[in-house]
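In: Let me see the structure of the following:
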Amino acid sequence: MPATFEGQHLVLVAFLLKLGVIATIAAVLVRSMAFKRYLYRDERNLRQKLIFTLFLVIPLAGDVMMRLFVPGFGIADLTLPGVILIGLMAGQTAGVVGGFFVALPAAAAAGEWLGLVVAVVAGWAGGLCRTAAPSTEEIWHFSPFIDLELWGWLRNRLDRPLRDWQALMFGVLVALTLVQWDLARSFPGRIYSWRLHNGWELLAAILATILGVAIPIKIWNNTRIEMKLEEQQRLLMQARLDALASQINPHFLFNTLNSVASLVRFDPDTARLLIVKLSGILRRLLRRHEPFAELQDELAFVNDYLDIEIVRFGPERLRFIQEVEPEVLRQPIPSMLLQPFVENSIRHGLASAVEGGCIILRARRERDRLLIEIEDNGVGMSAERLAEARQSGIGISNAQERLRVLYGDASSLLIRSQPGRGTWVQIGLPAAAVAPPRPAAAARHSW
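Out: This is a model prediction of the structure:
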């Protein structure tokens, strides 16, 4: 048996190094996306259990091989806490299979067949503890740090020691460590265990087994909590975007119905045409559940909206010019981003102008930025009115909030306006690598 680290005064240091090894293995494994897919499943089929077991068997069996063939590397043997951990996380079948293959190299190369039996039993015991757990959350919360008030913890559990899962886990870990140590004394060479000289070292060995199971669970649970927080943040962002979209769509619907109402008495045929176009727009809105759409699709949506407004204002009072570079037509942008700005240009910029005016929509790429500009030559706004619109205007405030939620500081929204000269809006977004535009994607470009 190797002598290195087995002196009476160095055994505690050896146990600390042992915990460092198992913590390193746990931290390396949890960086693997494949391992996390199998680790964080509440239920696994047989194939998934065996794949999960393989992830742990490889490093644990490697540690056994290092103990056998590298002098003084007995510290690397993590068989007992490792196989218990396999059973605890994946069940009895995985624990038995894992215990067999982790201990097999030592049994075949050094005749430690009794060690193989103990490893199989330990894996099976870990699986039994999983079955006995009230829920998988109880397993994730397993910790050697029971309670700051030890007496309070003992007092609450003395009445029901067999029903407390944490107490059961501690009992199993202590019992298996003592069995391994006693068998190693009775059958030297048939099972591996550290040479312990007194009760303090035996207590250290028990704590090493408990921590050898608890530390990987703690590391994996921290990653699990981080993943849950990220998922909650994603769901929160989606909920905020849905809330913003639910504000945008009724706002657009209200204004369009007002246009229909203004025509229904004196021009029912035109009102009927507007209703048909509006129904097409609403069907399109109902089909949209994604927060993003291609620029060419958003332009088509704006064109449909303008068909309604041109009927209302007349082609002489409302003109629309579209200057879009073909290579940006497939760029993804937030859904329903452009229509509120076009609507504001009409309602607040051109509607009150006697001669109407023109709206120009430009889109181009500058390096890694997609720039979209919407400009009108309407009545414009004063600086005070513009500041008020940015704070309280439904269309502008919603657009600002959506850009902030989706892009953070990577987006920009610039608005300039002068009374009597019109308003200019520029939206800046990160450009993405996209496929070439579809043919005839921007066929209609001006009125």
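
In: doesn't Ala167 make contact with Phe132?
Out: Quick fix: residue 132 reads Ala, not Phe. No - in this structure, Ala132 is not within contact of Ala167 by CB atoms under 8 Å, at 11.1 Å. In this view, the C-beta of every residue, glycine as well, is placed from N, C-alpha and C.

In: The two: who's more crowded?
Out: Ala167 (17 against 14; other CB atoms under 10 Å).

In: I'd assumed that one was in a helix, is it?
Out: Yes - Ala167 forms part of a helix when assessed by DSSP: H, G, I helix; E, B strand; the rest coil.

In: how deep is Glu384 tucked in, by neighbour count?
Out: 8.

In: okay, His197: pLDDT?
Out: At His197, the model reports a pLDDT of 70.

In: SS state for it?
Out: Following three-state DSSP, we place His197 in the coil state.

In: burial count for it?
Out: Neighbours of His197 using other CB under 10 Å come to 13.

In: how about Leu429, what does it touch?
Out: Residues counted as contacts of Leu429 (CB atoms under 8 Å, 6 or more residues apart in numbering) are Gln331, Ile333, Arg369, Leu370, Ile372, Leu403, Tyr407, Ala410, Ser411.

In: ok, the third one - contacts?
Out: Under the criterion of CB under 8 Å, 6+ apart, the contact partners of Arg369 comprise Gly428, Leu429, Pro430, Ala431.

In: one more time with 6 Å, if that's ok
Out: Gly428, Ala431 (CB atoms under 6 Å, 6 or more residues apart in numbering).

In: Need phi/psi at it.
Out: Main-chain torsions, Arg369, degrees, to the nearest 10: phi -120, psi 140.

In: Can you spell out which residues form a bridge with it?
Out: Beta bridges link Arg369 to Glu366, Pro430 when assigned by DSSP bridges.

In: rewinding a little: among the contacts of Leu429, which are located in helices?
Out: Mapping these onto helices (DSSP state H) picks out Leu403, Tyr407.

In: pLDDT at the nearest residue to Phe142 once chain neighbours are set aside, what is it?
Out: Nearest non-adjacent residue to Phe142, counting by CB to CB, 6 or more residues apart in numbering: Ile217, 5.5 Å away. Turning to Ile217, the model gives it a pLDDT of 94.

In: Could you measure from Ile217 over to Asp368?
Out: With distances taken as CB to CB, to the nearest Å, Ile217 is found 43 Å from Asp368.

In: Neighbour count: those two, which is higher?
Out: Neighbours per residue (other CB under 10 Å) separate Ile217 from Asp368, with Ile217 holding more: 19 against 10.

In: what's the next secondary structure element after the helix or strand where the more buried one lies?
Out: Using DSSP states H and E, the element containing Ile217 is helix 199-263. Following helix 199-263 in sequence order, the next helix or strand is helix 268-286 (DSSP H and E).
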